[in-house]
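A.B. asks: Turn this into a structure:
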Amino acid sequence: MKPRKVTKAVFPVAGLGTRFLPATKSIPKEIMTLVDRPLIQYAIDEARAAGIKEFIFVTSRGKSALEDYFDHAPELESALRKKGKDDLLEVLKDTNMDSGAIAYVRQNRPMGLGHAVWCARRLIGNEPFAVLLPDDVIAAEKSCLAQMVEAYEQTGGNMVAAMEVPPPKASAYGVLDIAEDMGTIVRAKGMVEKPKAEEAPSNLAVIGRYILSPKVLTNLNRMKQGAGGEIQLTDAIAEEIGEGGSGVYGYRFRGQRYDCGSKAGFLQATVAFGMARDDLRDEFSAYLHDTLAQQKAAQ
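C.D. replies: Residues are numbered from 1 along each chain as shown. I've put the predicted structure just below:
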């Protein structure tokens, strides 16, 4: 039987973004701009491209700017219209969400990613759903989630985006224990959250894209604490492996992932996305070339 269509997505955005202080003292990390769009816009665009119709944000205190970003701005739109800046009005269209398409729930305690997803349980209901972590920005010809939706239609169950990482870095991720490697798709027989490098079952790491069955929410109801004393989403997904579970699959996506939750990753993404822009490439490339030349000359 063909799996039910995935039309809902959860965006856990309750974190404090302490690695980006002092900037995040006054603005949510998800509003920080990568070239000229905030991180959250990249995640929303990816979800839209995958057919998502309902967007659920798990927020916390101090995230009002995030909510305002997706609202209409009548005064700004009127000013642009009067000045004939139709190109900018077109840009704003992607930032506007239809009434009822977006919902917000609060995570009032920082208890982990699993807990954040659990907070959205009443809005998800008994449907499969996607989870997107805005910190992970993925440059791809076809959006990562769209690729996963196509694969999910073949496998059903639960699917996580996965990529190979250097073995010493496996301890920073959830890692798949592979039962069957079919190339693009792997079937998992286990998942381990942030294992010690020498104990990692593979170097295939889970990154911030998921398609999950509602059964995962039932598993999260048990509120089991995992690594770091938090309620881990990885643990709830792992419970779906084996007898009685709906199965867990890893998907090797086509694209480049940038960890914009770190300063270095954010800078790398800025360079990559800047160089990909026709309106910026020449000037930006010349600047980078001159800067590197000056550094070499100074050595």
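
A.B. asks: Any figure for the gap between the residue nearest to Q147 when sequence neighbours are not counted and G51?
C.D. replies: Nearest non-adjacent residue to Q147, counting by C-beta to C-beta, 6 or more residues apart in numbering: F253, 5.4 Å away. C-beta: built from backbone N, CA, C; applies to glycine. The spacing between F253 and G51, counted by C-beta to C-beta, to the nearest Å, is 16 Å.

A.B. asks: what is the mean pLDDT for stretch 203-215?
C.D. replies: Average pLDDT, stretch 203-215: 93.

A.B. asks: Can I get that stretch as PDB, trimmed to CA atoms?
C.D. replies: Coordinates of the C-alpha atoms in stretch 203-215 are reproduced here as PDB (Å, rounded to 0.1, in the frame of the first residue of the first chain):
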ATOM      1  CA  ASN A 203      30.200   6.800   9.600                       C
ATOM      2  CA  LEU A 204      26.800   7.400   8.100                       C
ATOM      3  CA  ALA A 205      25.500  10.300  10.000                       C
ATOM      4  CA  VAL A 206      21.900  11.600  10.400                       C
ATOM      5  CA  ILE A 207      21.400  15.300   9.500                       C
ATOM      6  CA  GLY A 208      18.500  17.600  10.000                       C
ATOM      7  CA  ARG A 209      15.900  16.200   7.600                       C
ATOM      8  CA  TYR A 210      13.400  13.500   8.600                       C
ATOM      9  CA  ILE A 211      10.100  11.900   7.400                       C
ATOM     10  CA  LEU A 212       8.500  10.200  10.300                       C
ATOM     11  CA  SER A 213       5.500   8.100  11.100                       C
ATOM     12  CA  PRO A 214       3.100   9.200  13.900                       C
ATOM     13  CA  LYS A 215       4.200   6.200  15.800                       C
END
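
A.B. asks: Any buried residues in that stretch, and which?
C.D. replies: N203, L204, A205, V206, I207, G208, R209, Y210, I211, L212, S213, K215 (16 or more other C-beta atoms under 10 Å).

A.B. asks: Can you flag which of the residues you listed belong to helices?
C.D. replies: K215 (DSSP state H).

A.B. asks: quick check, nearest of the buried residues of stretch 203-215 to T7?
C.D. replies: I211 (11.5 Å; C-beta to C-beta).

A.B. asks: who's in contact with that closest one?
C.D. replies: V6, P128, F129, A130, L145, M148, V149, Y152, N158, M159 (C-beta atoms under 8 Å, 6 or more residues apart in numbering).

A.B. asks: helix/strand/coil for I237?
C.D. replies: Recorded secondary structure, I237: helix (DSSP: H, G, I helix; E, B strand; the rest coil).

A.B. asks: That one against G157, yeah?
C.D. replies: No: with contacts counted by C-beta atoms under 8 Å, I237 stays clear of G157, the gap being 9.9 Å.

A.B. asks: So G247 versus N221, what's the distance?
C.D. replies: According to C-beta to C-beta, G247 stands 20 Å off from N221.

A.B. asks: those helices in the chain, which residues are they?
C.D. replies: 39-49, 64-69, 74-82, 86-93, 113-118, 121-124, 144-155, 215-220, 233-238, 263-275, 281-298.

A.B. asks: Can you tell me which of those is nearest to M182?
C.D. replies: When these are compared (using C-beta to C-beta), the closest one is helix 144-155, at 9.7 Å.

A.B. asks: now for the closest one, which elements pack on it?
C.D. replies: helix 39-49, strand 129-132, strand 158-164, strand 185-193, strand 204-212, strand 248-252 (3 or more C-beta pairs under 8 Å, 6 or more residues apart in numbering; DSSP states H and E).

A.B. asks: Make JSON lines from those and add distance to K93 to it.
C.D. replies: Below are the helices and strands packed on helix 144-155 laid out as JSON lines (distance: least, C-beta to C-beta, whole Å):
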{"stretch": "helix 39-49", "distance to K93": "12"}
{"stretch": "strand 129-132", "distance to K93": "21"}
{"stretch": "strand 158-164", "distance to K93": "28"}
{"stretch": "strand 185-193", "distance to K93": "35"}
{"stretch": "strand 204-212", "distance to K93": "25"}
{"stretch": "strand 248-252", "distance to K93": "30"}
